[in-house]
Each structure stands twice: as C-alpha cells, then as structure tokens.
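A.B. asks: Can you look at this prediction? I've put the sequence above it.
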Amino acid sequence: MSLARNNGTDLAPEHAQARTVRVHRLVRKFVDSAQSVPDDAKDVLYYTLSVGHHTGVIDCFECVLSMPVEVFERICATLPEGEARYKLEGVMRHSEIELGKAQVDIVIDALEPLASAADEEVARYVGLFLEQLRIVREEPSVYVMVREVVS
C-alpha cells in the first residue's frame, strides 16, 4: 500500500492529500513602516538594507509555477549527482529551499539538458522552471523560493 506524507504522519491513499511543488519569485520588497523608526536608528536601518540584510523589510512573492510533486521528484532523480541535485532535493528534505544568485547558475546548467528530455511532462516543467531561474540570474535582487505544499 502506498502512503502519503502529512506533517510527519502517514495517510492511507483514500485520505491522501494533494502534494505540489510551487516556485515563488520575489516581486517586491518594502520597508515595514507600521512602526515609526526613530531618526537616530534610520541610518542603521538604511545601512542594513544597503548591504542586503532584511531588517524591517517585507518580501512579497508571487507563485509563478506549480507542479505535481511526482514530476519534481522525477526531475531531481534525472539530474546527475552533485550540488544542483542536492540543492533541489532539499525541497523534499526541508519542504523549502531558496535559490538566489549564488546557486542559480549551477542549477540552470544541470537543468538545461532536461529541457529536451524524452519525458514531455518533465521537459515542459523544466522549461518553465528555467525561465524563472534566468530571471533570477538577470535581476540582482530577485530570488525564488521552492516549496512543497500539501493541500
């Protein structure tokens, strides 16, 4: 009998919930101004923003791709052993990964051969995923979150 996972527990197939992998891309950032920042602290806030720290910053994401978890697992299984595969398999280990400038080239290089895979479903989702990763490569402050979602 095949069992689905739900928050660490196993469910029988008739109670299994749909599992998807969603790619969310950063589309906007703004400073949380709900609280007034004292004048003497504004310099510190702006400095932390300028060096990339997220003190007081709210990141807004948009879901740009959703695929069945089984397709994502097939994509990972098709990749050669290495850093890109390990990074993407992090979704299954931790339910979420972040892909930013530091990792995106490695993942793109590993995924590109799969864009013409014999498995049409894998090829289609890889192509869509690559589009998002290329945006990350081109935009200095953009990154994506890849999450496993149980619904």
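C.D. replies: Arrived safely, thanks for sending. Numbering: from 1, shown residues only.
A.B. asks: I'd guess Asp105 is in a helix, am I close?
C.D. replies: Yes - applying DSSP: H, G, I helix; E, B strand; the rest coil, one finds Asp105 inside a helix.
A.B. asks: residues touching it, list them.
C.D. replies: Arg137 (CB atoms under 8 Å, 6 or more residues apart in numbering). C-beta coordinates here come from the backbone N, C-alpha and C atoms, glycine included.
A.B. asks: ok, now with 10 Å
C.D. replies: 84, 133, 136-137 (CB atoms under 10 Å, 6 or more residues apart in numbering).
A.B. asks: Now do it against Ala118, distance only.
C.D. replies: 25 Å (CB to CB, to the nearest Å).
A.B. asks: Please enumerate the helices of the protein.
C.D. replies: For the chain, applying DSSP state H gives helices covering 39-50, 69-78, 83-94, 101-111, 120-138.
A.B. asks: Quick one: mean pLDDT over stretch 58-77.
C.D. replies: For stretch 58-77, mean pLDDT is 93.
A.B. asks: Make 27 the starting number, not 1.
C.D. replies: With 27 as the first residue, the last one maps to stretch 84-103.
A.B. asks: Can you get me the centre-to-centre distance for it and its chain?
C.D. replies: Put simply, stretch 84-103 sits 6 Å off its chain's centre (CA atoms, centre = their mean, to the nearest Å).
A.B. asks: With stretch 150-170 instead?
C.D. replies: 10 Å.
A.B. asks: picking up where we left off before, with distance to Thr46 as added columns, please give the helices of the chain in a markdown table.
C.D. replies: Formatted as a markdown table, those follow (distance: least, CB to CB, whole Å):
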| stretch | distance to Thr46 |
| --- | --- |
| helix 65-76 | 33 |
| helix 95-104 | 6 |
| helix 109-120 | 11 |
| helix 127-137 | 19 |
| helix 146-164 | 11 |
